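>>> I would like to see how this sequence folds:
(2 chains)
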Amino acid sequence: MASAEELSAFLASVERRAFKQAQFAVRDADGALDIVQDAMLKLAENYGDRPAAELPLLFTRILQNTIHDYFRRQKVRSTWITLFSALGGRGEEEDSDPLETLEALAGSDGAESAEDKVERSQVIAIIEEEISRLPARQREAFVMRYWEEMDVAETAAAMGCSEGSVKTHCSRATHALAKALSARGIRL
Amino acid sequence: MNENEFGYRIRQALNEGAERLDYKTAFRLEQGRRKALAAHRAATAPAYRPILVPAGGPLLEEDGQVGWGQRLGLIAPLLALVIGFVGIYQWQHERRINELADIDFAVLLDEAPIDAYADKGFGALLQTNFDEI
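Numbering: from 1, shown residues only, chains lettered A, B, ... in the order given. This next block holds a predicted model:
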């Protein structure tokens, strides 16, 4: 059984990545924060008695399910979403030119004097943006395999699909991402 | 660049991006973590229930059965209470008989005070005694 210290250390180690993954999926910081908080609560309440070694895979599954639940709720409340998109900034964000985002990021990092740091921030922003544009299943597979460093079997178990599907999703995601980044002049 | 190398470089970039989260987001994540840990503590804390335990120890043995010693510990005080009540009743009954006997002797030996015969209560007492005899 994971102790409170182990659970705390685990959550601290994954919360930022979990937030980014949720943000890639829902493209909304507040929604992503709610998703991560829900996922952490579900893990602590329902699976807090599991061994610490099982927590990463469990949390990945819970996070993916919570993201899917978020989309289901959004679908049910589509009327409200339409209203929100019309009034809020999310629609503008989706339709906006990525270069504008880069300019804004460059402006926000203006206090940092190192030019390469700013450029790195821009590259990271573009990479994150392109990852969020990947199809959902490809993005999930790619993030789990290459960011969470899960093996093919673990990724397949977390996604509820075959290992062959995971490999296919990962391969397609890699090629699509490489092509998109290359088109935007990003060289890794 | 092969797929794994590409993935490694993307991972580095994503890790950097995660480390550069703004303060507000990091703070809210920390709050969420604290809530989850509080929920974990609540879920794993032992549930305390009030139970009656006799002075001799717990009611149940390790196998969940009530032991003979524990049963005796419960029955003995009850038995003592019943014996005590019976004893008190007998003692009071004996005392009343002795009182009545004293009065009878006093009447028979003509030692009862003369005022006693004028007392209605004494007459009623004698009448009761005659009825009982």
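>>> The closest residue to residue A:124 other than its chain neighbours - how many residues pack around it?
Nearest-residue entry for residue A:124: residue B:17, 4.3 Å, with adjacent residues in sequence omitted and distances by CB to CB, 6 or more residues apart in numbering or on different chains. The C-beta positions use only the backbone N, C-alpha and C, and glycine is treated the same way. By the criterion of other CB atoms under 10 Å in any protein chain shown, residue B:17 has 21 neighbours.
>>> Quick check: phi and psi at residue B:17.
The main-chain torsion angles of residue B:17 are listed as degrees, to the nearest 10 and equal phi -60, psi -40.
>>> isn't it right next to residue A:20, touching?
Yes - between residue B:17 and residue A:20 a contact is recorded at 6.5 Å, counting by CB atoms under 8 Å.
>>> which residues do those two both contact?
Both residue B:17 and residue A:20 are in contact with residue A:128, where contact means CB atoms under 8 Å, 6 or more residues apart in numbering or on different chains.
>>> residues in chain B within reach of chain A, list them.
Taking CB under 8 Å from any CB of the partner chain as the criterion, chain B approaches chain A at residues B:1, B:3, B:6-11, B:13-21, B:25-26, B:28-33, B:35-37, B:39-41, B:43-44.
>>> Which among these count as buried?
For the residues of chain B next to chain A, a neighbour count by 16 or more other CB atoms under 10 Å in any protein chain shown gives the buried set as B:3, B:6-7, B:10-11, B:13-14, B:17-18, B:21, B:25, B:28-29, B:32-33, B:36-37, B:39-40, B:44.
>>> Got the domain ranges for chain A?
With domains defined by automatic domain parsing, chain A comprises A:4-82, A:97-183.
>>> The ones you listed: lowest mean pLDDT?
Lowest mean pLDDT within those: domain A:97-183, at a mean of 81.
>>> How far does it sit from its chain's centre?
Domain A:97-183 has its C-alpha centroid displaced from the chain centroid by 9 Å (CA atoms, centre = their mean, to the nearest Å).
>>> Which helix or strand in chain B has the lowest average pLDDT?
Counting by mean pLDDT, DSSP states H and E, the weakest-scoring helix or strand in chain B turns out to be helix B:120-132, with a mean of 70.
>>> ok, back up a step: let me know the distance separating the residue nearest to residue A:124 from residue A:173.
Residue B:17 is 17 Å from residue A:173, where distance means CB to CB, to the nearest Å.
>>> what helices or strands is the helix or strand residue A:182 falls within leaning on?
Element membership for residue A:182, per DSSP states H and E: helix A:163-183. Helix A:163-183 is packed against helix A:115-133, helix A:136-142, helix A:152-159, helix B:3-19, with contacts defined by 3 or more CB pairs under 8 Å, 6 or more residues apart in numbering or on different chains; DSSP states H and E.
>>> tell me the most buried of those helices?
helix A:136-142 (a mean of 22; mean count of other CB atoms under 10 Å in any protein chain shown).
>>> What is that helix packed up against?
So helix A:136-142, by 3+ CB pairs under 8 Å, 6+ apart, packs with helix A:4-26, helix A:115-133, helix A:152-159, helix A:163-183.
>>> coming back round to it: of the domains of chain A, which approaches residue B:110 most closely?
Put simply, out of these the one that sits nearest residue B:110 is domain A:4-82, at 93.0 Å, with distance taken as CB to CB.
>>> Return the distance of the closest one from the chain's centre.
For domain A:4-82, the distance from its own C-alpha centre to the chain's C-alpha centre is 10 Å (CA atoms, centre = their mean).
>>> quick one, helices of chain B?
For chain B, the helices defined by DSSP state H occupy B:3-19, B:23-44, B:68-108, B:114-118, B:120-132.
>>> Quick check: residue A:130 touching residue A:180?
Yes - between residue A:130 and residue A:180 a contact is recorded at 4.5 Å, counting by CB under 8 Å.
>>> Tell me the residues that contact both of those two, please.
When contacts are counted by CB under 8 Å, 6+ apart, residue A:130 and residue A:180 have no shared neighbour.
>>> Run a quick neighbour tally on residue A:72.
Counted by other CB under 10 Å, the residues lying close to residue A:72 total 10.
>>> That one: which element?
Assessed by DSSP H and E, residue A:72 sits inside helix A:55-76.
>>> Pull out the buried positions in that helix.
Across helix A:55-76, burial judged by 16+ other CB under 10 Å covers A:55-64, A:66-67, A:70.
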